[in-house]
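*Asks:* compute the structure for the input listed below.
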Amino acid sequence: MHATTLSFRAGDDFAKQTRALANSLGLKSSDYIRQAVLEKNEREMAQRIAALSRKLSAEHHTINESVEGSLADGLD
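*Replies:* Here you go, the predicted model:
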């Protein structure tokens, strides 16, 4: 696996709290942050998928309604 370094600026309080929480879980702060970002990414992706699913469902419903109204057209 090729590793890329990401960096960000954080205040002293944030850094201390993050290190303390990581330590309490027996993790390196980098592993703790990596896990947190992965969880956030998964939540965001799930929200995007849900939003797209709702949009597609609404479009499908609209198409079904338009087709349903025309089923009897010309069938006498």
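*Asks:* list the buried ones in the host helix or strand of Phe14?
*Replies:* Secondary-structure assignment from DSSP states H and E places Phe14 in helix 12-24. Residues Ala22 are the ones in helix 12-24 that count as buried (16 or more other Cβ atoms under 10 Å). Where C-beta positions appear, they are placed from N, C-alpha and C, glycine not excepted.
*Asks:* gap between that helix and the chain center?
*Replies:* 25 Å (Cα atoms, centre = their mean, to the nearest Å).
*Asks:* got the CA coordinates for that helix in PDB?
*Replies:* Taking Å, rounded to 0.1, in the frame of the first residue of the first chain, the C-alpha atoms of helix 12-24 are listed here in PDB:
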ATOM      1  CA  ASP A  12      -3.600  23.100  20.900                       C
ATOM      2  CA  ASP A  13      -6.800  22.000  22.800                       C
ATOM      3  CA  PHE A  14      -8.000  20.000  19.800                       C
ATOM      4  CA  ALA A  15      -4.600  18.300  19.500                       C
ATOM      5  CA  LYS A  16      -4.400  17.500  23.200                       C
ATOM      6  CA  GLN A  17      -7.900  16.100  23.400                       C
ATOM      7  CA  THR A  18      -7.300  14.000  20.300                       C
ATOM      8  CA  ARG A  19      -4.100  12.600  21.600                       C
ATOM      9  CA  ALA A  20      -5.600  11.900  25.000                       C
ATOM     10  CA  LEU A  21      -8.600  10.100  23.500                       C
ATOM     11  CA  ALA A  22      -6.400   8.100  21.100                       C
ATOM     12  CA  ASN A  23      -4.200   7.200  24.000                       C
ATOM     13  CA  SER A  24      -7.100   6.000  26.100                       C
END
